[in-house]
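Undergrad: predicted structure and sequence below. I'll ask about it afterward.
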Amino acid sequence: MAGTMTVGMAYVGVETGLFRTMAGKGPMLPEDVAAGSELQPRYVEARYVEEWLKGVTTAGYLEHDPEAGTFTLPEEHAQRLASEGTDHFMGGLFYFAPVALRIAPRVAEAFRNGDGVKFEDFGPDCVSALDLIAACDCIHDFAAPERTLAEIRALLRPGGTLFVLEPRAGDRLEDNIHPLGTVYYGFSLFHCMTQSLAEGGPGLGTCMGPAQTIDLLRRSGFNEVEPLDIKSQTHLFYAARA
């Protein structure tokens, strides 16, 4: 439960800009955080900020000086939580939690009846074009991956490229025993795997890994598959051509 509440409070901090407000500012009083934020400086907002500061402090995200009554966002935390637009920003991961956990009761039911939660409940995920098709964080979700990829390949002009973005997961479980691996297996249970199984698909799951990704692309007719050296803490990238 503590972990769940931490994710919820971290989501609030990213969404409201409170982490950005505190980044690089050193010790701050609650009223200073509220005044410096994008929130309206009324009592109710200041009270929300105060309670949020206390909550994320207990989760280890902030440092607190009880004598001065101040809160500090450490530099190493700001680098991950208040760095939108960089390759090391991790705050966007918190946006998945409300969507994923909302369907937790339905996933539990799927454990009992072997059913699933359908993909359309989560919205579209893939963007396409004639010269370039981008499959962004979605191939592992497909209910019919080989058929879908073959249809995508047919849409490309000669020389066209399928740009693939997939979660940064290893091929083996032991490669994924770290906090991001935990996040991805949770994503898989609460979204990626379950919606594929709901449509009669293979349920590849979020941690499909590079070896299976490349093999799947080649079996779908992409003879040239190239891993791309794009720096990211959370994703792997590929260029696939027929």
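TA: Sure thing, it's come through.

Undergrad: where's residue 76, which helix or strand?
TA: Following DSSP states H and E, one finds residue 76 within helix 75-81.

Undergrad: in that helix, what's buried?
TA: Neighbour counts over helix 75-81 (16 or more other C-beta atoms under 10 Å) mark 77-78, 80-81 as buried. Glycine gets a C-beta too; all of them are placed from N, C-alpha and C.

Undergrad: those: which two are farthest apart?
TA: 78 and 80 (7.5 Å; C-beta to C-beta).

Undergrad: ok, which stretches of this protein are helices?
TA: With helices called from DSSP state H, the chain shows them at 2-16, 18-22, 30-36, 43-58, 75-81, 96-102, 104-113, 145-155, 179-187, 193-198, 210-219.

Undergrad: then the last one to CSV, C-alphas only?
TA: Read that as helix 210-219. What follows is helix 210-219, C-alpha atoms only, in CSV (Å, rounded to 0.1, in the frame of the first residue of the first chain):
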residue,chain,number,x,y,z
PRO,A,210,15.3,-7.6,-27.8
ALA,A,211,15.9,-11.2,-29.0
GLN,A,212,12.2,-11.9,-29.3
THR,A,213,11.5,-8.5,-30.8
ILE,A,214,14.1,-8.9,-33.6
ASP,A,215,12.9,-12.5,-34.3
LEU,A,216,9.3,-11.4,-34.5
LEU,A,217,10.1,-8.6,-36.9
ARG,A,218,12.1,-11.0,-39.2
ARG,A,219,9.4,-13.6,-39.1
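
Undergrad: and that helix, what's buried?
TA: By 16+ other C-beta under 10 Å, the buried positions in helix 210-219 come out as 210, 212-214, 216-217.

Undergrad: how near is the most centrally placed residue in the chain to residue 133?
TA: Compute the mean C-alpha point of the chain, and by C-alpha atoms, centre = their mean the closest residue is residue 93, 3.6 Å away. For residue 93, the distance to residue 133 (C-beta to C-beta, to the nearest Å) stands at 25 Å.

Undergrad: nearest residue to residue 109 in space, ignoring adjacent ones along the chain?
TA: residue 115 (7.1 Å; C-beta to C-beta, 6 or more residues apart in numbering).

Undergrad: identify the residues contacting that neighbour.
TA: By C-beta atoms under 8 Å, 6 or more residues apart in numbering, the contact set of residue 115 is 109, 197-198.

Undergrad: from the contact counts, what lies against the lowest-mean-pLDDT helix or strand in the chain?
TA: The least trusted helix or strand in the chain, going by mean pLDDT, DSSP states H and E, turns out to be helix 96-102, with a mean of 82. If contacts are counted by 3 or more C-beta pairs under 8 Å, 6 or more residues apart in numbering; DSSP states H and E, helix 96-102 sits against helix 2-16, helix 179-187.

Undergrad: need the ones you listed in a markdown table with mean pLDDT and distance to residue 58, can you?
TA: Below are the helices and strands packed on helix 96-102 laid out as a markdown table (pLDDT from 0 to 100; distance: least, C-beta to C-beta, whole Å):
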| stretch | mean pLDDT | distance to residue 58 |
| --- | --- | --- |
| helix 2-16 | 94 | 8 |
| helix 179-187 | 95 | 18 |
